[in-house]
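Undergrad: 3D, please:
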Amino acid sequence: MKINKKIRMILLSTALVFGSMFLTACQDGKNTANSKDQTQTSQEKPTNGEATDENTQADHEKNSKDKPSQDQSKDQKDTSKAKQAKIVYYTYDINTEKLSENTRSVDEVSVGNIVRALIENKVLQPGTEVNSAKVTDLDGVRTLVVDMNDKFVNFDQGATSESLSLRCFANSVVKTFKVDQVKLSVNGKNYSGGHIALKDGEYLKFK
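TA: Model prediction:
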């Protein structure tokens, strides 16, 4: 009886030891499998931070590409806007003594740009320049007061050509600046050409 009791105790202890070893082995195997799955998942899927960085970089590259295009578009718009200013200038036909109206796109509306157009069309002689010009009210009348250099006077013209040239100049500035009359002087003195001379208080008007 004592021998059987000892044998029973030995078997029970052995069973407990083997049982503990089996449970430990199963737990280790399960932990190893879970660790392997987590490692594989981490390798296959990037973290949210990496995805955000890639998206941010993509957006930055896109914005960098779009920005020059926007700046270029703005420059083109500014250039187009600068060329929207227009002047009106008149030329004449010496045979018919008729005037023709013309327009030109310029960077700014100025008497200087009108004079350049008239020189190109041989209404005024080369070297003609503007000394000063301003729009003001004289006795309630909107007036352009303009002073030219001595090249404005062409003594080689006949009476008809001189008259047509003055009309072209007057009509050009009146139409462009929307004034009612022009006070014209040459180097500070009333205009005086080969056939026409303006008196004090005499103005050029649209004809």
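Undergrad: my read: Asn113 touches Ile87, true?
TA: Yes - counting by C-beta atoms under 8 Å, Asn113 touches Ile87, with 5.4 Å between them. In this view, the C-beta of every residue, glycine as well, is placed from N, C-alpha and C.
Undergrad: higher neighbour count, these two?
TA: Ranked by neighbour count (other C-beta atoms under 10 Å), Asn113 and Ile87 place Ile87 first, with 23 against 19.
Undergrad: in the sheet, who's paired with Thr91?
TA: Using DSSP bridges, the bridge partners assigned to Thr91 are Ser100.
Undergrad: which residues sit in contact with it?
TA: By C-beta atoms under 8 Å, 6 or more residues apart in numbering, the residues touching Thr91 are 99-100, 102, 118, 121, 123, 168.
Undergrad: and with 7 Å instead?
TA: Going by C-beta atoms under 7 Å, 6 or more residues apart in numbering, Thr91 touches 100, 102, 121, 123, 168.
Undergrad: I'd like to know how far it sits from Ala170.
TA: Thr91 sits at a distance of 13 Å from Ala170 (criterion: C-beta to C-beta, to the nearest Å).
Undergrad: what ranges do the strands span in this structure?
TA: Remark: strands assigned in the chain by DSSP state E are 85-93, 98-106, 130-138, 141-148, 181-186, 189-190.
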